[in-house]
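**Q** Next comes the sequence, and after it the predicted model I'd like to discuss.
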Amino acid sequence: MQQRSIAGVTVSAIGLGGMPMSIEGRPHRERSIATIHASLDAGVTFIDTADAYHRDANEVGHNESLIAEALASHSGGKDVLVATKGGHLRPGDGSWTQNGRPDYLKEAAKASAQRLGVESIGLYQFHRPDPDVPYAESVGALKELLDEGVIQHAGISNADIAQIDEANEVLGGKLASVQNQFSPAFLSSRDELKHCAEIGVAFLPWSPFGGIKKAGDFGSDHSAFQEVADARGVSPHQVALAWHLAQAPVVVPIPGASRPESAKNSAEAADLELTDDELQTIESGLDA
């Protein structure tokens, strides 16, 4: 499988997003474990999660615990870089809220490490800016966590270019990653992607198929991807992930999965290289 780097750590070019296995409509635990194992068997060595990936208010960290269980029960689990996030909360009423207070983020990171069963989190990301807390103060908490050894690398999520630069400055040039929404249906983060490529920071697109509800209809919603997929004999989802990888060497997409079959399908896209003509066909379709 093609590989990429996050802050000097070599990982698979395609990661796995754990969110669908823990929120509304999630599968039973056994199928979720099988899904994670299928990714590992296919060569995936990067998994994304967050303490807010849960359904009910009393199960904070559901996805982190699930991933820890799956990794512990697979021979390849020790070779995986797990990225988790803090600062975004689900009170249990269907809403999402923010808490970027430094003291909260530090305690949240320590709780995440405990659920993941590690002494130090491989990659910890500030999940979403809190409008009530200066951004530098929130990122400063990550700097303290780095200095204390609670986390090995620090990143941010849902950030604009100014926030990327501010975070990198606060972290002393050690910003490891930016995790933003990016897909054929959501191109607004393309400038942030290009900026990450310029400064050598990993860019981790979430919802690369446009979201859980749209993933099943991806081919019909994006005909250019379907056209290329039909010619190649692959799925349009694989073409979409290959298109992501073609954007820049720093891109590591993290498609979500809730079935072993879909996890395997996504992982196989790491070795699909699109031609210039295919990329032009896709880009022309996006501009239409």
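**A** Good, I have the coordinates. Please read all numbers here as calculations on a predicted model, not as lab measurements. Numbers count the residues shown, from 1 in each chain.
**Q** rest of the way, CA atoms for contacts and neighbours
**A** OK.
**Q** Between its first and last residues, what's the separation in stretch 52-66?
**A** This stretch, stretch 52-66, spans 13 Å end to end (C-alpha to C-alpha, to the nearest Å).
**Q** Test my guess that Ala38 contacts Lys264.
**A** Yes. Counting by C-alpha atoms under 8 Å, Ala38 touches Lys264, with 6.1 Å between them.
**Q** where are the low-confidence patches of the chain?
**A** 213-215, 287-288 (pLDDT under 70).
**Q** how about the helices in it?
**A** 29-41, 62-72, 102-116, 135-148, 161-170, 190-199, 212-215, 218-221, 223-232, 236-247, 260-268, 276-287 (DSSP state H).
**Q** Show me what the last one is packed up against.
**A** This means helix 276-287. Helix 276-287 sits against helix 223-232, with contacts defined as 3 or more C-alpha pairs under 8 Å, 6 or more residues apart in numbering; DSSP states H and E.
**Q** could you give the angle of the helix it packs on to helix 236-247?
**A** Here the directions of helix 223-232 and helix 236-247 differ by 100 degrees (axes from the mean of the first three to the mean of the last three C-alpha atoms, to 10 degrees).
**Q** Any buried residues in helix 223-232, and which?
**A** 224-229 (16 or more other C-alpha atoms under 10 Å).
**Q** And for stretch 143-152?
**A** For stretch 143-152, by 16+ other C-alpha under 10 Å, it's 143, 145-146, 150-152.
**Q** chain center to that stretch: distance?
**A** 21 Å (C-alpha atoms, centre = their mean, to the nearest Å).
**Q** Please export the C-alpha coordinates of it as CSV.
**A** These are the backbone C-alpha positions of stretch 143-152, laid out as CSV (Å, rounded to 0.1, in the frame of the first residue of the first chain):
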residue,chain,number,x,y,z
LYS,A,143,1.8,22.7,23.5
GLU,A,144,1.7,22.0,27.2
LEU,A,145,0.5,18.4,26.5
LEU,A,146,3.4,18.0,24.1
ASP,A,147,5.8,19.3,26.6
GLU,A,148,4.4,17.0,29.3
GLY,A,149,4.5,13.9,27.0
VAL,A,150,0.8,13.3,27.2
ILE,A,151,0.7,13.5,23.4
GLN,A,152,3.4,12.9,20.7
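**Q** Give me the residues contacting that stretch.
**A** 106, 109-110, 113, 119-124, 153-154, 170-171 (C-alpha atoms under 8 Å, 6 or more residues apart in numbering).
**Q** Can you get me the start-to-end distance on stretch 4-16?
**A** 14 Å.
**Q** Much appreciated, bye for now.
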